[in-house]
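Enquirer: Provided below are the primary sequence and the corresponding predicted coordinates.
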Amino acid sequence: MQDLIKEYKKSLRLLRTAKAVPMCYGSMVSDTQYAIEIMETGRIPGTKWQVSRWAKDKREVPVDPMLMARYVGNREPVESAPEWMAGLLDRLMGRLTEREKDAFRLVRGQCYSFSQAAKLMGCNKGSVQNFVARAEKKIGFVVRKQTYSEGVV
């Protein structure tokens, strides 16, 4: 265990002195510090009690199953969307500008945060929020228009 702690501390030093800063640099440093403290003390940093003594709602973290499905390797292959759904998605996305499409795909499709999407797109977080809000508004308008024209309402 002591060798592993030494390796983590060496990695932490390298992270702190790195010249090229990756997108998730802050979380890498804090995650490494967290792991080192757990290995050194044998318990979760900042807590007074062990996890097993926590209340059930504090031990369980609700997670979106669709998001977790990305990380499961050995699953049955998922069938692609039906033709009518693909056509509807193409029609909906056709109403958006390129920036709105990019922001909407990153935030709603690939579950990036607004700040991560902003870094990838090279703009401000507020701009990405505006792009996604406008895209959702346009998509909602098209869906309502289609619903009314089909006489569903």
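Expert: Cool, got the structure.

Enquirer: CA atoms only for stretch 129-139, dumped as PDB, please.
Expert: Output in PDB follows, covering the C-alpha atoms of stretch 129-139 (Å, rounded to 0.1, in the frame of the first residue of the first chain):
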ATOM      1  CA  GLN A 129     -27.100  28.000 -22.100                       C
ATOM      2  CA  ASN A 130     -28.700  30.400 -24.600                       C
ATOM      3  CA  PHE A 131     -28.100  28.100 -27.600                       C
ATOM      4  CA  VAL A 132     -29.700  25.100 -25.700                       C
ATOM      5  CA  ALA A 133     -32.600  27.200 -24.500                       C
ATOM      6  CA  ARG A 134     -33.300  28.500 -28.100                       C
ATOM      7  CA  ALA A 135     -33.000  25.000 -29.500                       C
ATOM      8  CA  GLU A 136     -35.400  23.600 -27.000                       C
ATOM      9  CA  LYS A 137     -37.800  26.400 -27.700                       C
ATOM     10  CA  LYS A 138     -37.700  25.800 -31.500                       C
ATOM     11  CA  ILE A 139     -38.100  22.000 -31.000                       C
END
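
Enquirer: Please identify the buried residues of that stretch?
Expert: Residues of stretch 129-139 classed as buried: 129, 131-132, 134-135, 138-139 (neighbour count, 16 or more other CB atoms under 10 Å). (Glycine included, C-beta is placed from N, CA and C.)

Enquirer: same question, stretch 5-19
Expert: Residues 8, 12, 15 are the ones in stretch 5-19 that count as buried (16+ other CB under 10 Å).

Enquirer: what about the first one, helix or strand, and which?
Expert: What that stands for is residue 8. Per DSSP states H and E: residue 8 is located in helix 2-16.

Enquirer: Then residue 33?
Expert: helix 25-41.

Enquirer: Show me what that helix packs onto, helices and strands only.
Expert: For helix 25-41, the packing partners by 3 or more CB pairs under 8 Å, 6 or more residues apart in numbering; DSSP states H and E come out as helix 2-16.
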